[in-house]
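Participant: just coords:
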């Protein structure tokens with residue numbers, strides 16, 4: 001066994017036992033355990049770990065824990081803009097509302113209400129997607145390179161969490177994806193939708209989009225306006241960003 005001293009900072013404290021929160025404590029690790037093994041044994045998924053210091057020096061989670069080490073573990077800070085230009089997500093079965101919000105903002109987000117953990121792991125690895133979940137054990141899977149444990153229960157609060165973590169405001173393209181199929185919308189003319197929508201709609205609106213998958217028609221009507229205003233009030237980014245095409 002290798003007994004080291006640990007301190008977890010910020011939101012990481014919610015993952016560990018109450019007696020270890022916001023205090024320095026000693027913990028006996030298995031022989032030759034890495035920091036990843038030790039941190040996850042204490043309850044914190046590796047995806048939630050940002051900066052790590054060992055004896056006041058930067059370290060990676062692959063480092064072996066040595067007796068007497070003093071380990072400080074910090075949560076992630078918001079990613080710089082250059083690091084999140086291509087943001088794609090896969091959300092677990094409990095985050096349907098969050099997935100819809102992310103699609104509304106233009107972020108490619110896979111979601112099925114009965115998706116299995118093994119499928120999430122496979123998709124994330126194959127397509128390099130960020131895993132969003134409320135299942136900490138899922139995020140401990142070594143195959144998952146990027147993920148976020150979503151703390152909030154309410155979809156609006158969940159969106160604020162994800163927006164802050166990945167600086168979504170700098171990259172969102174609202175109303176460019178189908179909310180049902182997650183496919184990019186394609187522009188079509190009023191004549192092409194004449195047989196699909198009421199005449200009063202084609203007489204009043206001139207810009208229409210269609211999902212190439214489900215063929216659902218979108219236009220900037222009252223429902224679009226309500227969604228735009230709702231996104232603006234959530235504080236996920238500049239208000240005028242919700243007016244971009």
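Facilitator: Sure, I can see it. Predicted, not measured: the structure shown is a model, and the values here were computed from it.

Participant: make it CA atoms for all contacts and neighbour counts henceforth
Facilitator: Fine.

Participant: buried residues in stretch 177-192?
Facilitator: 177, 178, 179, 181, 182, 183, 184, 185, 190 (16 or more other Cα atoms under 10 Å).

Participant: now, which of these lie within helices?
Facilitator: residue 190 (DSSP state H).

Participant: now, which of the buried residues of stretch 177-192 sits nearest residue 233?
Facilitator: Residue 233 lies nearest to residue 179 out of those, by Cα to Cα, at 19.5 Å.

Participant: how far away is the closest one from residue 218?
Facilitator: 10 Å (Cα to Cα, to the nearest Å).

Participant: show me where pLDDT drops low in this structure?
Facilitator: Across the chain, residues meeting the criterion (pLDDT under 70) sit at 79-85, 234-245.

Participant: one more pass at 90, please.
Facilitator: 1-2, 30-32, 77-86, 113-114, 160, 163-175, 189-208, 218-245 (pLDDT under 90).

Participant: residue boundaries of the strands in it?
Facilitator: In the chain, the strands defined using DSSP state E lie at 2-8, 25-29, 49-54, 57-58, 70-75, 89-91, 109-110, 130-133, 147-149, 186-188, 208-210, 217-219.

Participant: so which of the ones you listed is nearest residue 227?
Facilitator: strand 217-219 (12.2 Å).

Participant: which helices and strands does that closest one pack with?
Facilitator: strand 208-210 (3 or more Cα pairs under 8 Å, 6 or more residues apart in numbering; DSSP states H and E).

Participant: what's the burial count for residue 95?
Facilitator: 21 (other Cα atoms under 10 Å).

Participant: measure it to residue 124 for me?
Facilitator: 16 Å.
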